[in-house]
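A.B. asks: Next comes the sequence, and after it the predicted model I'd like to discuss.
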Amino acid sequence: MNRFRYPALYVRMAVYIGAALTAFVLIGALVFASVASWELTGYLEARNSEIGDEAARILKSEGREGLRHWLRTEATIPDDATLYIMDSAGDDMLGRPVPGAYKDFVVASAEAALQHEDNFRPVRVTPELVAPDGTVYSFLVVPSNITLFGSIATALGLIAVALLVIASIAWLIAGRIGRPIGELQQAVRNLAAGDINARVPESIARRNDELGQLADDFNGMAEHLNTLIQGRERLMRELSHELRSPLTRLQAALALAAARNRLNEDEQRRVDHEIAQMNKVIGEILRYSALDSSARMNIRLVRVDRLLRELIDLEELEAQSAKCTLHLKAERNLEVVCDKDMLNSAFENILRNAIRYAPAGSTVEVDACREESGDPEGRHADIRVTFSDSGPGVPSEQLERIFEPYVRVGNDSNGTGLGLAIVKRVVERHGGRVHADRSKGGGLSVTVWIPAADFA
């Protein structure tokens, strides 16, 4: 069963990864904005204050020394911001080391200004202070905890977000993928250990992805194995019963003969009958076992109408003994590709079963025709063969079970109980199907569908 047409598990993994990346970008941006806003508070406060105007007044009235003194002792600068007043060479007025990136930025700006006409000054990012003697200083306010490459707090925040997203996605994948795989693995181990009732939970088998399909296939396989094992055990029990009964009767007859030192004619016939019955049971078992999926088939083109006519002619004598008649209604040229001996054996079992239960004076009907197939796999047509009798029939609740080995209806003791089981296995080996129903006359109707030969 294929319940999906795309690799759903891979799509789900792609969705998980896409969701992780989206969550990381969104949460990371939020964390970055929050940390940056917190760290830039002092910097923005200094940039928006009148500290630049105050420095300009000091430089104008007190000169370079007065500005240096103000910068060292009186300037009101937030703790998380740093103020550099640098000359054109990028050296700080207080002699403090300036980060290389800021120093290079100021020097590059100064050199760029010299490349233009005297009456044109390009816009600069940093304000400028001009001394009375015309010396120009760069007025640079920078955040103390943030460099041009970011800050430690921002990096730690992004790392924390990444770990959180990874942990969340790992937990989700473990729950949606890892747990089902673990359940499937445990079910496989339990089945390998001999627990034929081991199954993957239905909550996993109902998933619409590859894991759900795998779990459903495993449950189907386990159910099939369970059916085979139970069938094998039932077959052994029935076989034991089928052989034990005639052996018991043989032992009784031989005990009587031993007491008299001879067998009379009736006892001899009884012994021969029981031995023949055991041979028949063993023969049917061998035939049934030989029809497994590994048995070799001699495939050829066969006309079903001819095969049925030959079978009717052969069974005519048995029908006369049962005081019933056989009637064949078959279309011409009903061709199938099959193992002729196998298919003939299946038809023979059904026909003999119908003759056995047909009442005296009744007719066993055999109808064969070609009909269009409703198979969704694209099979064009089937050859349908129906065997109908007017016997006692089969109760409705047992119709499907009559194709199981050793299933008998009522107190029937004739046959081996494997005839219809052999029919089902032969038909299924040929890709067909078989169905039993009550016929219009109250008896049993068995219908076989075999794929018609397709020469297209």
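C.D. replies: The structure has been received and is ready for your questions. All of these numbers come straight from a predicted model, not from anything done at the bench.
A.B. asks: now the helices for the stretch 301-450 of the chain?
C.D. replies: Assigned by DSSP state H, counting those that start in this stretch, the helices in the stretch 301-450 of the chain fall at 304-321, 340-357, 419-429.
A.B. asks: any idea of the mean pLDDT for the shortest one?
C.D. replies: Looking back up the chat, that one is helix 419-429. For helix 419-429, mean pLDDT rounds to 85.
A.B. asks: pLDDT weak spots in the stretch 251-400 of the chain?
C.D. replies: 256, 258, 260-263, 267, 273, 277, 280-295, 373-379 (pLDDT under 70).
A.B. asks: residue boundaries of the strands in it?
C.D. replies: 299-303, 325-330, 335-339, 363-372, 381-388 (DSSP state E, counting those that start in this stretch).
A.B. asks: buried residues in the first one?
C.D. replies: For strand 299-303, the neighbour count (16 or more other Cβ atoms under 10 Å) marks Val302, Arg303 as buried. Yep, even glycine has a C-beta here, placed from its N, CA and C like the rest.
A.B. asks: before we move on, back to that, for the helices of the stretch 301-450 of the chain, could you give me a markdown table that also reports distance to Asp266?
C.D. replies: Shown next, in a markdown table, are the helices of the stretch 301-450 of the chain (distance: least, Cβ to Cβ, whole Å):
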| stretch | distance to Asp266 |
| --- | --- |
| helix 304-321 | 22 |
| helix 340-357 | 25 |
| helix 419-429 | 29 |
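A.B. asks: nearest to Pro201, of those?
C.D. replies: Of all the helices of the stretch 301-450 of the chain, helix 419-429 sits nearest to Pro201, with 31.0 Å by Cβ to Cβ.
A.B. asks: how far out from the middle of the chain is that closest one?
C.D. replies: Here helix 419-429 is found 32 Å from its chain centre; the criterion is Cα atoms, centre = their mean, to the nearest Å.
A.B. asks: which helices and strands sit right next to that helix?
C.D. replies: helix 265-289, helix 340-357, strand 433-438, strand 444-451 (3 or more Cβ pairs under 8 Å, 6 or more residues apart in numbering; DSSP states H and E).
A.B. asks: Pull out the buried positions in it.
C.D. replies: The neighbour-count check on helix 419-429 (16+ other Cβ under 10 Å) flags Gly419, Leu420, Ala421, Ile422, Val423, Lys424, Arg425, Val426, Val427, Arg429 as buried.
A.B. asks: any idea how far the fifth one is from Val385?
C.D. replies: Summarising the geometry, the distance separating Val423 from Val385, computed by Cβ to Cβ, to the nearest Å, is 11 Å.
A.B. asks: rewinding a little: of all the helices and strands packed on helix 419-429, which gets the most neighbours per residue?
C.D. replies: Mean neighbour count, computed with mean count of other Cβ atoms under 10 Å, is highest for strand 444-451 among the helices and strands packed on helix 419-429, reaching a mean of 22.
A.B. asks: re the thing from before, may I see the strands of the stretch 251-400 of the chain organised as TSV, with distance to Trp449 added?
C.D. replies: Shown next, in TSV, are those (distance: least, Cβ to Cβ, whole Å):
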stretch	distance to Trp449
strand 299-303	15
strand 325-330	15
strand 335-339	10
strand 363-372	8
strand 381-388	4
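A.B. asks: For Glu128, find the nearest of those.
C.D. replies: Per Cβ to Cβ, nearest to Glu128 of these: strand 363-372, 95.2 Å.
A.B. asks: Need the contact partners of the closest one.
C.D. replies: For strand 363-372, contacts defined as Cβ atoms under 8 Å, 6 or more residues apart in numbering pick out 304-305, 308, 312, 319, 324-331, 334, 351, 354-355, 358, 380-390, 452.
A.B. asks: how does it look with 7 Å?
C.D. replies: Strand 363-372 is touched from outside by 304-305, 308, 312, 319, 324-331, 334, 354-355, 358, 381-389, 452, with contacts defined as Cβ atoms under 7 Å, 6 or more residues apart in numbering.
A.B. asks: give me every residue that touches Leu311.
C.D. replies: Asn344, Phe347, Glu348, Leu351.
A.B. asks: Which residue ranges make up the domains of this protein?
C.D. replies: Listed by automatic domain parsing, the domain ranges of the chain are 42-143, 296-451.
A.B. asks: Tell me which of these sits most buried.
C.D. replies: When these are compared using mean count of other Cβ under 10 Å, domain 296-451 is most buried, at a mean of 17.
A.B. asks: how far does that one sit from the chain's center?
C.D. replies: 39 Å.
A.B. asks: What of stretch 176-186?
C.D. replies: 12 Å.
A.B. asks: State the mean pLDDT of it.
C.D. replies: 82.
A.B. asks: Buried ones in it, by neighbour count?
C.D. replies: Arg176, Ile177, Pro180, Glu183, Leu184.
A.B. asks: Distance to Val31 for those - can I get that in JSON lines?
C.D. replies: What follows is the buried residues of stretch 176-186, written out as JSON lines (distance: Cβ to Cβ, whole Å):
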{"residue": "Arg176", "distance to Val31": "27"}
{"residue": "Ile177", "distance to Val31": "29"}
{"residue": "Pro180", "distance to Val31": "34"}
{"residue": "Glu183", "distance to Val31": "37"}
{"residue": "Leu184", "distance to Val31": "39"}
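A.B. asks: Among these, name the ones in strands.
C.D. replies: Nothing among these maps onto strands, per DSSP state E.
A.B. asks: Help me confirm that Ile383 comes into contact with Val336.
C.D. replies: Yes. With contact defined as Cβ atoms under 7 Å, Ile383 and Val336 form a contacting pair (5.4 Å).
A.B. asks: Need the overlap of contacts for these two.
C.D. replies: Val304, Ile450, Ala452.
A.B. asks: can you tell me which residues contact the second one?
C.D. replies: Taking Cβ under 7 Å, 6+ apart as the criterion, Ile450 is in contact with Val336, Cys338, Asp382, Ile383, Val427, His430, Gly432.
A.B. asks: Spatially, which residue comes closest to the third one, not counting chain neighbours?
C.D. replies: The reference is to Asp382. Trp449 (4.3 Å; Cβ to Cβ, 6 or more residues apart in numbering).
A.B. asks: and if you look at the last one?
C.D. replies: Using Cβ to Cβ, 6+ apart and skipping the chain neighbours, the partner closest in space to Gly432 is Ile450 (4.2 Å).
A.B. asks: Tell me the bridge partners for that neighbour.
C.D. replies: With DSSP bridges as the criterion, Ile450 is bridged to Ile383.
A.B. asks: Can you classify the residue nearest the centre of the chain by secondary structure?
C.D. replies: With distances taken as Cα atoms, centre = their mean, Gln213 lies nearest the centre of the chain, 2.1 Å away. At Gln213, secondary structure determined by DSSP: H, G, I helix; E, B strand; the rest coil is helix.
A.B. asks: Could you number the chain from 54 rather than 1 from now on?
C.D. replies: Done: numbering now begins at 54, and the last item shifts to Gln266.
A.B. asks: just to revisit the earlier point, tell me which of the helices and strands packed on helix 472-482 approaches Ala305 most closely.
C.D. replies: Taking the helices and strands packed on helix 472-482 one by one with Cβ to Cβ, helix 318-342 is closest: 9.3 Å.
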